[in-house]
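Chemist: Everything below, folded, please.
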Amino acid sequence: MTRSVPVSHAGSLPRTPELIAANDARTLAADGFTLERTPEFEALLTGAVVDLVRRQRDLGVTIVGDGEYGKAMTSAVDYGAWWSYSFQRVAGLEVTGEDLFTQPVVRSEPGNVRLTSFPDRRDWTLFRDAYTDPTSGISTGKNATAFPATTGPLAYTGQEAIASDIANLRAGLAAAGLEEGFITSLSPGSAARIANRYYATEEEHIWAWADVMREEYRAIVDAGLTVQVDDPSIAENWDQINPEPSVEDYRAFTRIRVEALNHALRGLPPEQVRFHLCWGSWHGPHTTDVEFRHIVDLMLEIEAGSYSFEAANVRHEHEWKVWRDVELPAGKQIVPGIVSHATNVVEHPDLVADRIERFASVVGAENVVASTDCGLGGRIHPQIAVAKLAALGEGARLAGSRLFR
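Modeler: The predicted structure is shown next:
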């Protein structure tokens with residue numbers, strides 16, 4: 001029997017119409033970002049995850065996820081569920097009227113690095129006409145109407161929610177006859193990008209988030225699943241710092257986030273930790289993205305067993321060559337993006353196989369898991385997402401037939 005290259009994805013998958021409608025029907029709490037959980041909703045959610053795991057298996061995905069279905073995407077809370085879900089699981093937050101998308105949240109850190117607001121991104125400024133032209137086809141996703149700020153001591157309150165996520169994925173794995181599954185969770189550095197109105201310093205704020213998120217990481221790992229730590233801030237912050245910092249200053253700025261994450265991961269088995277890095281994943285030019293070669297060694301300092309990163313999107317596809325000069329530590333795997341969320345064009349299975357084989361040629365075939373650049377949910381049409389996952393599975397089988405003879 002021909003051995004296939006393992007296949008996974010970056011987390012978010014398109015929600016079903018029924019799940020979207022059920023999320024929209026949920027009651028928003030007085031805090032402005034928490035949604036009620038009812039037995040009826042929980043039953044629908046479980047069924048949706050069980051069905052999703054089966055569909056992933058049938059498409060050739062071997063390391064499946066829950067699609068982030070337990071992380072609400074609803075018109076009531078219209079910012080990215082991949083990180084905003086954490087607001088519903090943490091005490092010490094409050095909607096203050098500040099808007100992270102339009103009001104600068106200025107932070108001074110090592111090297112006088114100043115992280116400003118999302119609209120102050122250098123890419124968005126450089127291509128202002130394109131970003132503001134509704135006919136350009138550029139998408140940055142929905143903007144939030146209200147982000148919380150940290151106004152008190154942070155504490156994890158999501159025990160019931162993460163238990164539900166775990167139980168749903170476990171039910172899906174059992175029904176599909178699969179063993180390997182992962183659940184995404186937010187990194188301290190990305191979580192701490194909301195306004196800090198309580199802690200004395202930004203570094204203290206980040207480390208507080210590390211203590212909070214550790215509880216979620218441990219719950220996932222203790223359930224025998226893999227935790228994927230989502231951390232676009234490692235790469236994405238670069239474009240949001242004005243003026244543009246030196247690479248050295250940015251690395252010092254980033255190292256704080258790496259150290260805080262390692263603090264949160266301490267003692268957890270690396271083989272059950274996957275780290276996900278991306279450059280923000282909005283559909284735009286990305287001409288001011290930091291080069292992967294400047295941060296790849298920092299990424300490898302994170303105590304994870306595998307590393308997921310964008311590699312199919314046309315701004316970063318050439319960077320597979322970085323691995324010619326960077327040694328992958330023994331026992332580690334890479335999980336490169338082989339199909340992209342940033343185009344509606346469905347990759348040909350032969351191209352998928354070629355991309356996989358590039359990475360195999362530099363790190364070894366046994367150290368590659370084929371994946372998506374970033375989450376597909378909310379970024380491309382569900383029908384196209386299915387076609388991309390099918391191409392990924394077919395291409396991985398083709399690459400396996402060549403690599404594992």
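Chemist: from here on, contacts and neighbour counts on C-alpha atoms
Modeler: Will do.
Chemist: Tell me the helices and strands packed up against the helix or strand harbouring A387.
Modeler: Using DSSP states H and E, A387 sits within helix 382-403. With contacts taken as 3 or more CA pairs under 8 Å, 6 or more residues apart in numbering; DSSP states H and E, helix 382-403 sits against helix 39-59, strand 333-339, helix 349-363.
Chemist: can we see that at 7 Å?
Modeler: Counting contacts by 3 or more CA pairs under 7 Å, 6 or more residues apart in numbering; DSSP states H and E, helix 382-403 packs against helix 39-59, helix 349-363.
Chemist: next SSE after the last one?
Modeler: This points to helix 349-363. Heading C-terminal from helix 349-363 (DSSP H and E), you reach strand 371-372.
Chemist: Output stretch 56-65 as CSV, restricted to C-alpha atoms.
Modeler: Only the C-alpha atoms of stretch 56-65 are listed here, as CSV (Å, rounded to 0.1, in the frame of the first residue of the first chain):
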residue,chain,number,x,y,z
GLN,A,56,-12.3,15.8,6.4
ARG,A,57,-11.4,12.1,6.5
ASP,A,58,-13.1,11.5,3.2
LEU,A,59,-11.2,14.3,1.6
GLY,A,60,-7.9,12.8,2.7
VAL,A,61,-7.1,14.9,5.8
THR,A,62,-5.3,12.6,8.3
ILE,A,63,-4.8,15.0,11.2
VAL,A,64,-8.2,16.6,11.6
GLY,A,65,-9.6,19.5,13.6
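Chemist: Give the buried residues for that stretch.
Modeler: Neighbour-count burial for stretch 56-65, counted by 16 or more other CA atoms under 10 Å, picks out 56-57, 59-65.
Chemist: Likewise for stretch 360-372?
Modeler: Buried-residue list, stretch 360-372, by 16+ other CA under 10 Å: 360, 362-363, 365, 367-372.
Chemist: From those residues, pick the one nearest P6.
Modeler: Set against P6, the nearest of the buried residues of stretch 360-372 by CA to CA is V369 (5.0 Å).
Chemist: okay, that closest one: pLDDT?
Modeler: We have a pLDDT of 98 for V369.
Chemist: again, but for the one 3 residues further on
Modeler: Each residue has a pLDDT score; the one for T372 is 98.
Chemist: S190 now?
Modeler: Value for S190, per-residue pLDDT: 93.
Chemist: would G152 count as being in a strand?
Modeler: Yes. The assignment for G152 by DSSP: H, G, I helix; E, B strand; the rest coil puts it in a strand.
Chemist: I'd say it and A195 touch.
Modeler: No. If you go by CA atoms under 7 Å, G152 and A195 don't touch, sitting 11.7 Å apart.
Chemist: tell me, what's touching these two both at once?
Modeler: Common contacts of G152 and A195 (CA atoms under 7 Å, 6 or more residues apart in numbering): none found.
Chemist: Next, E94: secondary structure please.
Modeler: Reduced to three states by three-state DSSP, E94 is strand.
Chemist: just checking, it touches P148?
Modeler: Yes. E94 lies in contact with P148 (CA under 7 Å); the separation is 4.9 Å.
Chemist: and the two? which has more neighbours close in?
Modeler: Between E94 and P148, counted using other CA atoms under 10 Å, the more crowded position is P148 (22 against 18).
Chemist: If you drop the residues flanking it in sequence, what lies closest to the more buried one?
Modeler: Excluding the flanking residues, the one nearest P148 by CA to CA, 6 or more residues apart in numbering is V95, at 4.1 Å.
Chemist: Next one, pLDDT for I380 please.
Modeler: 91.
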